[in-house]
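*Asks:* Okay, here's the prediction I keep looking at, along with the sequence it came from:
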Amino acid sequence: MNNASTAPPKSRNSRFIPFFLILAVAVAIGFAIRYFKDTPQETIGGTWEVYFSKVHAGELDKNTPHTLDKWLVAKLSLAKERIDAALYDLDSEPIADALINAHNRGVRVRVFTENDNADQEEIERLQDEGVPVRDDGDNAGYMHHKFIVIDERYVWTGSYNPTYNGAYKNNNNVIWIDSEPLAYNFTQEFREMFVSAQLDKSSDPHIPFPHITLNDGTQISTYFAPENDTISPLLKEITSAKKSIYFMAFSFTHDKLGKAMRDRFKLGVTMGGVFDESGLNAYSEYELMKKAGISVRVDRSSGAMHHKVIIIDEETVITGSYNFSKNAETKNSENLLIIKGNKDMARAYLEEFNQLKW
């Protein structure tokens with residue numbers, strides 16, 4: 001006689017409990033994966049660097065060792081797989097050479113440019129060498145970007161057009177950021193424009209990673225005009241200023257933005273700005289700010305003061321291709337970065353502000 005005890009047989013319902021638990025967990029995991037894939041997340045990125053043309057520091061020539069075109073050539077040489085360049089203008093022979101060299105070593109190079117500048121000699125040379133180039137057609141606004149994405153990891157953007165004047169005569173700034181999520185934002189913008197040139201499609205306002213945080217705590221918000229609302233976040237930053245606002249503006253004609261600054265100045269926020277002489281037209285905010293008592297001056301150097309920068313409370317930097325105008329908001333293809341929580345970066349832009357010829 002077998003005295004070993006035996007457990008009672010499980011019911012069919014109890015057998016299915018583990019199966020349903022596994023199924024439920026799998027569904028939950030699948031939902032979570034889909035949610036986090038489709039929902040923009042605050043994502044860790046890499047490092048950053050800032051460059052200025054420094055034309056106010058003295059005469060520059062092609063033998064000057066550290067110029068924006070030489071920095072960009074060095075960055076382009078890093079490319080291993082892909083270069084996507086959205087450039088309003090390109091007449092720099094060294095930059096065109098660097099793009100052709102990348103193409104010849106097997107890097108997939110694509111260039112998108114403004115229709116008005118599509119007949120530039122260097123653009124035509126790129127095409128002759130087999131580099132795919134497209135333009136935005138005969139649109140009402142400008143394709144005003146000046147950004148390059150390398151290997152879907154690095155972003156180069158700012159006010160610098162890769163032209164001789166852009167590097168050697170005009171005051172310009174560039175920021176270089178190592179961040180895959182930020183690069184993904186710009187890659188998507190580039191792809192939309194490159195495809196829309198053929199299919200007449202409008203850009204998607206969705207930005208995959210609208211707000212990212214680098215590993216040093218720097219917070220970056222990305223906006224593309226005209227598909228995104230750019231004036232609301234700009235106004236939010238201006239109205240939140242507690243201590244100071246400084247700006248460098250090639251063109252500043254946006255009434256709402258100018259009024260927000262004047263209102264903040266009335267509340268005791270320290271303010272100063274420099275305008276480019278070419279932007280002093282009937283729509284410029286210069287005279288209104290001067291009458292309000294704001295310390296604004298005009299850069300009258302031979303080259304353009306081509307910056308589009310606002311520095312707030314010595315820790316927030318606003319930069320990109322975006323002039324402070326209604327056209328930039330509603331017509332042109334532009335990029336705008338709002339970068340917060342980085343005093344070192346803000347200090348670099350403030351030094352540029354302080355060194356401009358007044």
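*Replies:* It's in.

*Asks:* Spit out the contact partners of Gly166.
*Replies:* 53, 68-69, 89, 92, 160, 172, 306 (CB atoms under 8 Å, 6 or more residues apart in numbering). C-betas here are computed from N, CA, C, even on glycine.

*Asks:* scratch that, Ile311
*Replies:* For Ile311, the contact set (CB under 8 Å, 6+ apart) comprises 244-247, 317-318, 346, 349-350, 353.

*Asks:* for it, which residues make a bridge with it?
*Replies:* Here Ile311 sits in beta bridges with Tyr246, Val317, going by DSSP bridges.

*Asks:* neighbours of Glu124, just the number please.
*Replies:* Number of residues near Glu124 (other CB atoms under 10 Å) recorded here: 13.

*Asks:* My error: substitute Thr270 in the last question.
*Replies:* 14.

*Asks:* ok, and for the helix or strand hosting Asp97, which residues are buried?
*Replies:* When elements are assigned from DSSP states H and E, Asp97 belongs to helix 93-104. Across helix 93-104, burial judged by 16 or more other CB atoms under 10 Å covers 94-96, 98-103.

*Asks:* give me the number of residues near the residue nearest to Ser325 when sequence neighbours are not counted?
*Replies:* Nearest residue to Ser325, sequence neighbours excluded (CB to CB, 6 or more residues apart in numbering): Thr253, at 4.7 Å. Using other CB under 10 Å, Thr253 has 20 other residues around it.

*Asks:* Check Gln127 too.
*Replies:* 12.

*Asks:* Please apply the same query to Gly268.
*Replies:* 9.

*Asks:* sorry, back to before: so who does the residue nearest to Ser325 touch?
*Replies:* 279, 281, 283-285, 324-326.

*Asks:* in this structure, which spans are helices?
*Replies:* 12-38, 68-76, 93-104, 121-128, 164-168, 180-199, 231-239, 255-266, 286-291, 326-330, 343-355 (DSSP state H).

*Asks:* Tell me how far the nearest residue to Ser333 once chain neighbours are set aside lies from Asp216.
*Replies:* Once flanking residues are discounted, Ser333 sits nearest to Met143: 4.7 Å by CB to CB, 6+ apart. As judged by CB to CB, to the nearest Å, Met143 and Asp216 stand 32 Å apart.

*Asks:* more neighbours, these two?
*Replies:* Met143 (26 against 13).

*Asks:* thought the more buried one was touching Asn115?
*Replies:* Yes. With contact defined as CB atoms under 8 Å, Met143 counts as touching Asn115 (7.2 Å).

*Asks:* got any residues that touch both of the two?
*Replies:* Common contacts of Met143 and Asn115 (CB under 8 Å, 6+ apart): 135-136.

*Asks:* Ala140: what's it in contact with?
*Replies:* Ala140 touches Lys331, counting by CB under 8 Å, 6+ apart.

*Asks:* hang on, the earlier thing: in contact with the residue nearest to Ser333, which residues?
*Replies:* By CB under 8 Å, 6+ apart, the contact set of Met143 is 86, 88, 112-115, 135-136, 193, 332-333.

*Asks:* before we move on, back to that, most tightly surrounded among the helices of the chain?
*Replies:* Most buried of the helices of the chain, by mean neighbour count (mean count of other CB atoms under 10 Å): helix 164-168, with a mean of 21.

*Asks:* Tell me the spacing between Ile100 and Thr157.
*Replies:* For Ile100, the distance to Thr157 - CB to CB - is 22 Å.

*Asks:* Over to Arg105?
*Replies:* From Arg105 to Thr157 the distance is 24 Å (CB to CB).

*Asks:* Same check on Gly58?
*Replies:* 26 Å.

*Asks:* more crowded one of the two?
*Replies:* Neighbours were counted for Gly58 and for Thr157 using other CB under 10 Å; Thr157 has more, 25 against 7.

*Asks:* now the more buried one, which residues is it bridged with?
*Replies:* Ile175.

*Asks:* Need the pLDDT of it.
*Replies:* You'll see Thr157 listed with a pLDDT of 98.

*Asks:* For it, list the residues it contacts.
*Replies:* Thr157 sits next to 145-148, 174-175, 186, 319-321, 335, 337 when contact means CB under 8 Å, 6+ apart.

*Asks:* Pipe these into JSON lines and attach pLDDT and distance to Ile220 per row.
*Replies:* What follows is the contacts of Thr157, written out as JSON lines (pLDDT from 0 to 100; distance: CB to CB, whole Å):
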{"residue": "His145", "pLDDT": "98", "distance to Ile220": "17"}
{"residue": "Lys146", "pLDDT": "98", "distance to Ile220": "17"}
{"residue": "Phe147", "pLDDT": "98", "distance to Ile220": "14"}
{"residue": "Ile148", "pLDDT": "98", "distance to Ile220": "17"}
{"residue": "Val174", "pLDDT": "98", "distance to Ile220": "15"}
{"residue": "Ile175", "pLDDT": "98", "distance to Ile220": "10"}
{"residue": "Phe186", "pLDDT": "98", "distance to Ile220": "11"}
{"residue": "Thr319", "pLDDT": "98", "distance to Ile220": "11"}
{"residue": "Gly320", "pLDDT": "98", "distance to Ile220": "11"}
{"residue": "Ser321", "pLDDT": "98", "distance to Ile220": "15"}
{"residue": "Asn335", "pLDDT": "98", "distance to Ile220": "12"}
{"residue": "Leu337", "pLDDT": "98", "distance to Ile220": "6"}
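
*Asks:* could those residues be laid out in CSV, adding distance to Val274?
*Replies:* Conversion of the contacts of Thr157 to CSV gives the following (distance: CB to CB, whole Å):
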residue, distance to Val274
His145, 24
Lys146, 20
Phe147, 24
Ile148, 27
Val174, 18
Ile175, 19
Phe186, 28
Thr319, 15
Gly320, 18
Ser321, 18
Asn335, 22
Leu337, 20
